[in-house]
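Student: This is a predicted model, with the sequence first.
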Amino acid sequence: KLVYIIGMAVFSVCILVMFAVGHRYEVAFSLGIMVFVGVGLGFCYAMPWAMMPDTIEHHYAETGRRNEGAFYGIWTFIIKIGQAIALAITGLVLWFTGYVANAAQSPTALFGMRFLLGPAAVVFYLLAIAVLWVYPIDEQRYRQIMERVALRRGST
C-alpha cells in the first residue's frame, strides 16, 4: 500500500514538472524526467497485482469461499470502463481545445495535450491515493488474515 502511494506520488510530481516546464527545455530534460516517471509508473503497474491476492485472501478468510475469478473479472471490467471513460475525456478535451489531426497545432491545442498529460492525470492519481490511504490491509492486518486463512484451511 505504501509503496503504491509513493509510486503514484513520484509519478504525479514528475508529470507536473513535465507539464510546467518540460516544453521549455530540450528533449534531454524530458528524457531525464521520464526516467523518474518510469520508476513511479512501474510501481503503479506492479502494486495492484500484489494487492489483489491479499484482497482475495481477506474475502476467503471472511466467507470461506474462493472467488478469485469474480475478483479478477470485476477488476478487469472496471479497468476497461475506466479506459473507455479516459479515452472519451481525452477526445472531448482535444476537440474542445481545437486539436486538428496531422496539422500544426494551435497553442490552445498544445496546452490541451499538456493538460491531459499533467494536471488531469494527477487529479485521478490523487483520488487513487486517497482511496489507498483508507485501504484496510497493511502488513499487520495481512498477518491476521493469513492466520484466519490457515485456521479455515485446517478446519476443512
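Tutor: Nice, I can see it. Numbers count the residues shown, from 1 in each chain.

Student: Now the residue nearest in space to the middle of the chain. Nearest residue, chain neighbours left out?
Tutor: When C-alpha atoms, centre = their mean is applied to the chain, the residue found nearest the centroid is Cys44 (5.3 Å). Nearest non-adjacent residue to Cys44, counting by C-beta to C-beta, 6 or more residues apart in numbering: Gly7, 5.1 Å away. C-betas here are computed from N, CA, C, even on glycine.

Student: okay, now that neighbour: neighbour count?
Tutor: Number of residues near Gly7 (other C-beta atoms under 10 Å) recorded here: 21.

Student: Contacts only, for it.
Tutor: Neighbouring residues of Gly7 by C-beta atoms under 8 Å, 6 or more residues apart in numbering: Val39, Gly40, Leu41, Gly42, Phe43, Cys44, Met47.

Student: swap the cut-off to 10 Å and go again
Tutor: Applying C-beta atoms under 10 Å, 6 or more residues apart in numbering to Gly7 gives the contacts Val39, Gly40, Leu41, Gly42, Phe43, Cys44, Tyr45, Ala46, Met47, Tyr125, Ile129.
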